[in-house]
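Student: what's the 3D shape of this:
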Amino acid sequence: MAQGHCNLVPSNHVTLMTVNPVVTKPGLAKQTAVITPVEGLALILFCSTAAVAIFLLMLPDVWQVVRTKMTAFNRCHQAPYRTCRFFIDNHYLPCAVHPSFVFTEQALDCADYQPLSQH
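Tutor: Below is the predicted model:
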């Protein structure tokens, strides 16, 4: 094998390359962002105030939804379907006649309601 055709460098001729660091102009110091304790407290106060303001703005809407759901729940809870002879306390098929609206407001005016016979 001829040595002229081999691109490998013998191990005793290895040289290390060094990379020069970035040269900056003298007088320009590298600036880092440092937050002082006063700025940190101001940032915390601002974020906390913003979070409370957003919460207070959303509170009436949340209260309206809760109130609406509670009135609907109370109305459906007073429905007579629990004393109907077709009602079965089974969540797969609660009513043999109208299973689709047994737990809704439509059940308040069910035309097929028949009370349980008290024997």
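Student: going forward, measure contacts between C-alpha atoms and count neighbours the same way
Tutor: Noted.
Student: all helices for this structure, in order.
Tutor: Here the chain has its helices, by DSSP state H, at 37-77.
Student: give me the low-pLDDT residue ranges for it?
Tutor: 1-32, 76-79, 118-119 (pLDDT under 70).
Student: Quickly list the domain ranges of it.
Tutor: 34-77, 79-108 (automatic domain parsing).
Student: Take the ones you listed and lay them out in JSON lines including distance to Ser117.
Tutor: JSON lines is the format used below for these (distance: least, CA to CA, whole Å):
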{"stretch": "domain 34-77", "distance to Ser117": "21"}
{"stretch": "domain 79-108", "distance to Ser117": "8"}
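Student: Identify whichever of those domains lies nearest to Leu116.
Tutor: With respect to Leu116, and counting by CA to CA, the nearest of these is domain 79-108 at 4.8 Å.
Student: What distance do you get for Gln114 to Ser100?
Tutor: Gln114 sits 18 Å away from Ser100, going by CA to CA, to the nearest Å.
Student: What is the neighbour count of the nearest residue to Ser117 once chain neighbours are set aside?
Tutor: Distance criterion CA to CA, 6 or more residues apart in numbering; nearest residue to Ser117, sequence neighbours excluded, is Arg85 at 7.8 Å. By other CA atoms under 10 Å, 15 other residues sit near Arg85.
Student: ok, now which ones touch Arg85?
Tutor: Counting by CA atoms under 8 Å, 6 or more residues apart in numbering, Arg85 touches Tyr113, Gln114, Pro115, Leu116, Ser117.
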